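Trainee: Predicted model and sequence below, questions to follow.
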Amino acid sequence: MNQTGIKAFFARKNIVLKPRTYFIDAMGAMAFGLFASLLIGTIFATLGEKTGIQMFLVISEYAKGATGAALGVSIAYALKSPQLVLLSAATVGIAGNALGGPVGAFVATIVAVELGKAVSKETRVDILVTPGVTIICGILTAQFAGPGVSAFMTAFGNLVKTATDMQPFFMGILVSALIGIALTLPISSAAICIMLSLDGLAGGAATAGCCAQMIGFAVLSFRENGVGGLLAQGLGTSMLQMGNIVKNPRIWIPPTLAAMVTGPIATMVFHMENIPSGSGMGTCGLVGPIGVYTAMGGGTRMWLGILFVCFLLPAILTWIFGELLRKAGWIKAGDLKLEL
């Protein structure tokens, strides 16, 4: 098969070998899979532990147990898989998550789905061939690549956490700014933090950065978007501003500067910690603050940290930086307008 034939085959099978396909579309969908299983399970576990309601703990166990399947199906859905491939991806996700954690599920599912799409409806026994190829290739990939990739991500995450413990000021700035930027970009900061197992002080810095972006953009754009925009960004996602950022990148400066301030405050003043499943979520559904509560267990310092780092300081600092940029003419009326 020549190059033209290969391109035609890939087009017919809807196989798009581009970085955006895997690191934006698939990873973005992966975040929804995590939210519908591991994240919501963590929230129910915290509720069960603090209220003593046993049913919450039962729900938590089932939700967390579905993590691998949810990852597989969400990634396969993002890659526009045929039905048999989509359903087979649940098995691949379970194997990938068991052998290599979320990153193992990510790698195994991508390989399995693309190969499954390639053979889908190519034979008269599609009901056997498509799920067979998808599951076999996925599990082999999980066994071969999962543990190594997961070990690398864990080692890198440990490096970040150790560096943050040793240099809480500088790493607080760096982690807060980078994870916050990742949250606003069309990639998944939640998936990144979970893949890196980012907890402890590094998780707290990541939380600060994510909250700075969400609360910051919500306050910065209030005059353009009102209460609806405040809630959509403050409790939803700052990713809504990506279109406006492309038009005027300077609108990204105020919340990013706020993140660079609140990051070291989180690590050095409040010693804020978080769990991996909450570190990259910010104020989305209040998952970030709930994760802080899960990690720290209460106390005056924790509550003050949540109040100031997650809400008050991002709002105040971003508003101040935003006013300075408006006066300088870098941000103009309508630059932050959303089509809600």
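Mentor: The structure has been received and is ready for your questions. Numbering: from 1, shown residues only.
Trainee: tally of neighbours for Met268?
Mentor: For Met268, the tally of surrounding residues (other Cβ atoms under 10 Å) stands at 14. In this view, the C-beta of every residue, glycine as well, is placed from N, C-alpha and C.
Trainee: My understanding was that it contacts Phe169; is that so?
Mentor: Yes - counting by Cβ atoms under 8 Å, Met268 sits close enough to Phe169 to count as a contact (6.1 Å).
Trainee: gap between the helix of greatest length in the chain and the chain center?
Mentor: Looking only at the chain and at elements set by DSSP state H, the helix with the highest residue count is helix 126-166. Between the mean C-alpha location of helix 126-166 and the chain-wide mean there is a distance of 17 Å, by Cα atoms, centre = their mean, to the nearest Å.
Trainee: helices or strands up against it?
Mentor: Applying 3 or more Cβ pairs under 8 Å, 6 or more residues apart in numbering; DSSP states H and E, we find helix 126-166 packed against helix 83-119, helix 168-184, helix 200-220.
Trainee: Where does the residue of the chain most remote from its centre sit: helix, strand or coil?
Mentor: Here the chain reaches farthest from its C-alpha mean at Arg124, the gap being 40.0 Å by Cα atoms, centre = their mean. Classification of Arg124 using DSSP: H, G, I helix; E, B strand; the rest coil returns coil.
Trainee: how near is Leu317 to Ala259?
Mentor: Separation of Leu317 from Ala259 (Cβ to Cβ, to the nearest Å): 9 Å.
Trainee: shared neighbours, these two?
Mentor: Overlap of the contact sets of Leu317 and Ala259 (by Cβ atoms under 8 Å, 6 or more residues apart in numbering) consists of 212, 216.
Trainee: Pick out whichever of the two has more residues nearby.
Mentor: Set side by side, Leu317 and Ala259 show unequal neighbour counts under other Cβ under 10 Å, the larger going to Ala259 at 32 against 22.
Trainee: Remind me which helix or strand that one belongs to.
Mentor: Here Ala259 sits within helix 253-264, counting by DSSP states H and E.
Trainee: And for that helix, what's in contact with it?
Mentor: With Cβ under 8 Å, 6+ apart as the test, helix 253-264 has contacts from 168-170, 172-177, 180-181, 184, 205, 208-209, 211-213, 216-217, 220, 238, 309, 313-314, 317-319, 321-322, 325, 330.
Trainee: same for whichever helix or strand comes after it, what does it pack against?
Mentor: Proceeding N to C from helix 253-264, the next assigned helix or strand is helix 276-279, under DSSP H and E. Counting contacts by 3+ Cβ pairs under 8 Å, 6+ apart, helix 276-279 packs against helix 189-195, helix 200-220, helix 287-296.
Trainee: Tell me which of those lies nearest to Ile75.
Mentor: With distances scored as Cβ to Cβ, the stretch of the helices and strands packed on helix 276-279 nearest to Ile75 is helix 189-195 (10.3 Å).
Trainee: any idea of the mean pLDDT for the closest one?
Mentor: Model confidence over helix 189-195 averages 86 on the pLDDT scale.
Trainee: Can you give the distance from it to the centre of its chain?
Mentor: The chain centroid and the centroid of helix 189-195 are separated by 5 Å, computed with Cα atoms, centre = their mean.
Trainee: ok, residues contacting that helix?
Mentor: Taking Cβ under 8 Å, 6+ apart as the criterion, the residues outside helix 189-195 that touch it are 27, 30-31, 34-35, 38-39, 101-103, 106, 153, 157, 179-180, 182-183, 198, 203, 206, 210, 276-277, 279-282.
Trainee: give me the number of residues near the residue lying closest to Lys80 once chain neighbours are set aside?
Mentor: Here the nearest residue to Lys80 in space, its sequence neighbours aside, is Asn14; by Cβ to Cβ, 6 or more residues apart in numbering that works out to 5.2 Å. Taking other Cβ under 10 Å as the neighbour definition, Asn14 ends up with a count of 13.
Trainee: What is the burial count for Lys327?
Mentor: Using other Cβ under 10 Å, Lys327 has 9 other residues around it.
Trainee: With just CA atoms, put stretch 224-240 into CSV.
Mentor: Once side chains and other backbone atoms are set aside, the C-alpha atoms of stretch 224-240 remain, and they are given as CSV (Å, rounded to 0.1, in the frame of the first residue of the first chain):
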residue,chain,number,x,y,z
GLU,A,224,-18.4,41.5,30.6
ASN,A,225,-20.1,38.2,31.7
GLY,A,226,-21.9,38.9,34.9
VAL,A,227,-23.0,36.3,37.4
GLY,A,228,-23.4,33.6,34.7
GLY,A,229,-19.8,34.0,33.7
LEU,A,230,-18.7,34.1,37.3
LEU,A,231,-20.2,30.8,38.1
ALA,A,232,-19.3,29.2,34.7
GLN,A,233,-15.6,30.0,35.2
GLY,A,234,-15.4,30.0,39.0
LEU,A,235,-17.1,26.6,39.5
GLY,A,236,-16.7,25.3,35.9
THR,A,237,-13.5,25.9,34.0
SER,A,238,-11.3,28.8,32.9
MET,A,239,-10.8,27.0,29.7
LEU,A,240,-13.8,29.0,28.4
